[in-house]
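1. please find the sequence and the predicted model below.
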Amino acid sequence: MPYWFDGNNLIGQSAAAAKANAEVRKAFLSRLSSLHRSGGGRFLVYFDGDEPVRSTPPPGVAIRYSAPMSADEAILCRLREIQHPGEVIIVTNDLALMARCKNEGATVMSWQDFMSKMQTRSARRSARKNPEKPVDVDDWIQYFGLDKSKI
């Protein structure tokens with residue numbers, strides 16, 4: 001399922017502040033790339049303004065700059081253009097944008113809810129890779145037809 005992120009809202013910086021200090025944006029994108037590598041989904045981040053410096057996004061994360069409109073408007077415009085907006089999850093802490101995206105048929109969640117979902121997904125994936133089910137020796141003895149008194 002694709003996730004679209006309200007970038008400036010989630011990093012807590014205006015377009016001007018993010019342009020002046022790109023480290024916060026880079027750290028956010030790096031975190032998303034890490035979540036993508038662990039099976040998090042398809043990620044698209046909308047940032048306000050123009051791209052400050054032409055750069056390659058981290059693996060698994062696409063980036064859209066919204067100028068001349070706001071990232072909120074770019075997200076809403078794109079939701080109106082796609083055939084199945086209900087298949088998109090918008091991640092933002094902006095309650096007004098959440099309401100507007102819901103009205104367009106999208107699923108919405110806060111950053112906190114998104115991170116909880118990613119941690120739950122990661123824990124399930126780890127459990128599948130490393131099941132901690134205790135071994136029942138009696139079951140194995142019976143399965144292999146061994147005589148327990150001779151073991």
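-> Here it is on my side, so go on. Just so you know, these numbers come straight off a predicted model, no measurement behind them.
2. where does the prediction get shaky in the chain?
-> Within the chain, the stretches falling below the threshold (pLDDT under 70) are 121-136, 139-144, 150-151.
3. so which residues of it form helices?
-> Assigned by DSSP state H, the chain shows helices spanning 7-11, 15-20, 22-37, 71-81, 95-103, 111-129, 137-143.
4. with respect to burial, which of these scores highest?
-> Among the helices of the chain, helix 7-11 has the highest mean neighbour count (mean count of other C-beta atoms under 10 Å), at a mean of 22. (C-beta placed from N, C-alpha, C; glycine too.)
5. so what touches that helix?
-> Contacts of helix 7-11 with the rest of the structure, by C-beta atoms under 8 Å, 6 or more residues apart in numbering, involve 14-15, 18, 24-25, 28, 45-48, 63, 71, 91-94, 97, 111.
6. so for Pro59, which of the helices of the chain sits nearest?
-> helix 22-37 (5.4 Å; C-beta to C-beta).
7. now for that closest one, which elements pack on it?
-> For helix 22-37, the elements it packs on are helix 7-11, strand 42-47, strand 61-65, judged by 3 or more C-beta pairs under 8 Å, 6 or more residues apart in numbering; DSSP states H and E.
8. in its sheet, which strands sit next to the second one, and in what direction?
-> Taking DSSP bridges as the criterion, strand 42-47 pairs within the sheet with strand 2-6 (parallel), strand 61-65 (parallel).
9. all set now, cheers.
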